[in-house]
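In: need a structure here:
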Amino acid sequence: MGIVNVTPDSFFDGGEHRETGEAVTHALRLCDEGADILDLGAESSRPGARPLTSDEELRRLLPVLCRLRTAASGVCLSADTYHASTADAVLRCGVSIINDISGCAYDPALLDVLAQYRPGYVLMHRQGRPATMQQAPAYDDVRRDVLDFFDRTLNSLVRAGLPEDRIVLDPGIGFGKTLEHNLALLAHAEDWLGFGRPVLVGLSMKSLFGDLLGLPVSRRRAATQTATALLWEKGVFWHRVHDVAAARQGLRLAAALRTGGTLHA
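Out: Next up is the predicted model:
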């Protein structure tokens, strides 16, 4: 899943692709590098980020989406949004996946949209909202909290009409979690795999590499590549990344060392 940030304030590449032409060019480059999915996001979810209205979000997203429907017609499109009205609009425009950081908590009407369209849906755990989520996050047991959240919310989604086979789980690394919380979750991927659903992890360039290894954002590519390959070994097969080429190289190497073959392109 290649990340296409159409926003001026994302932590890694904010502003680089905020114009429609730049965003489309970047998205097509990710396709050439081997992205299976393009995840379009117009609102930054970095710690401290300000929320957008759905109208602002759509003003950024729709021009890029319309161009990509033609220019990258063979690639699956995802929208990173928690707004029900945004989800409704982009699903009508050809998006196949809603990547929601909120678990339908920020805009409960999103649940009705999901039940109506039955798209792919990324269900992510988080504590709090981006503006305040990293202000002293605390858990009695972070692994248990994430498990309970997935169990509870999966059941709610299915009862509301979204088929379980449309749902992918994301433990929400960095979303209301300290370094210790993140590492505890990453060390036990078997927790979430036990639900029998695909698991997506978004580690790309995140602050845990700064906290653990002392790396600035500009020097986290190798750490991201390594962590992606290690998680693949644990059974995590969906990866949301900025550098698709590097991720695929790491995955191909991990597969070759395990099986003597290569990861299929």
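In: which parts of this protein are strands?
Out: Taking DSSP state E to define them, one finds strands in the chain at 2-5, 37-41, 76-80, 97-100, 120-124, 167-170, 200-201, 238-239.
In: deepest-packed of those, please.
Out: The highest mean neighbour count among the strands of the chain, using mean count of other C-beta atoms under 10 Å, belongs to strand 2-5: a mean of 27. C-beta coordinates here come from the backbone N, C-alpha and C atoms, glycine included.
In: off-centre distance for that one?
Out: Distance of strand 2-5 from the chain centroid (C-alpha atoms, centre = their mean, to the nearest Å) equals 9 Å.
In: around the nearest residue to residue 179 once chain neighbours are set aside, how many other residues sit close by?
Out: Nearest residue to residue 179, sequence neighbours excluded (C-beta to C-beta, 6 or more residues apart in numbering): residue 211, at 4.3 Å. Residue 211: 15 surrounding residues under other C-beta atoms under 10 Å.
In: okay, residue 211: pLDDT?
Out: If you check residue 211, the pLDDT there is 95.
In: that older thread, which stretch among the strands of the chain comes nearest residue 63?
Out: strand 37-41 (10.8 Å; C-beta to C-beta).
In: tilt between the closest one and strand 120-124?
Out: In terms of direction (axes from the mean of the first three to the mean of the last three C-alpha atoms, to 10 degrees), strand 37-41 departs from strand 120-124 by 60 degrees.
In: report the strands that pair with strand 37-41, each with its relative direction.
Out: strand 2-5 (parallel), strand 76-80 (parallel) (DSSP bridges).
In: on that earlier part again, any chance of a markdown table for the strands of the chain, columns distance to residue 138?
Out: Shown next, in a markdown table, are those (distance: least, C-beta to C-beta, whole Å):
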| stretch | distance to residue 138 |
| --- | --- |
| strand 2-5 | 29 |
| strand 37-41 | 28 |
| strand 76-80 | 26 |
| strand 97-100 | 24 |
| strand 120-124 | 19 |
| strand 167-170 | 21 |
| strand 200-201 | 22 |
| strand 238-239 | 28 |
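In: residue 222 is nearest to which of those?
Out: Per C-beta to C-beta, nearest to residue 222 of the strands of the chain: strand 238-239, 15.1 Å.
In: and the helices in the stretch 151-265 of the chain?
Out: 179-186, 190-193, 207-213, 221-233, 244-259 (DSSP state H, counting those that start in this stretch).
In: for residue 81, which of these is the nearest?
Out: helix 244-259 (21.4 Å).
In: can I get the strands of the chain in a markdown table with mean pLDDT and distance to residue 86?
Out: Listed next are the strands of the chain as a markdown table, based on pLDDT from 0 to 100; distance: least, C-beta to C-beta, whole Å:
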| stretch | mean pLDDT | distance to residue 86 |
| --- | --- | --- |
| strand 2-5 | 94 | 15 |
| strand 37-41 | 95 | 11 |
| strand 76-80 | 96 | 7 |
| strand 97-100 | 98 | 9 |
| strand 120-124 | 98 | 14 |
| strand 167-170 | 98 | 19 |
| strand 200-201 | 97 | 20 |
| strand 238-239 | 96 | 22 |
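In: one step back: what's the closest of the strands paired with strand 37-41 to residue 101?
Out: Across those, closest to residue 101 is strand 76-80 (C-beta to C-beta), at 7.5 Å.
In: check contacts around residue 202.
Out: 170, 173-174, 239-241 (C-beta atoms under 8 Å, 6 or more residues apart in numbering).
In: so for residue 16, what's the pLDDT?
Out: 54.
In: is it true that residue 186 touches residue 172?
Out: No - in this structure, residue 186 is not within contact of residue 172 by C-beta atoms under 8 Å, at 11.6 Å.
In: the two: which is more packed in?
Out: Just comparing residue 186 and residue 172: by other C-beta under 10 Å the higher neighbour count belongs to residue 172, 24 against 18.
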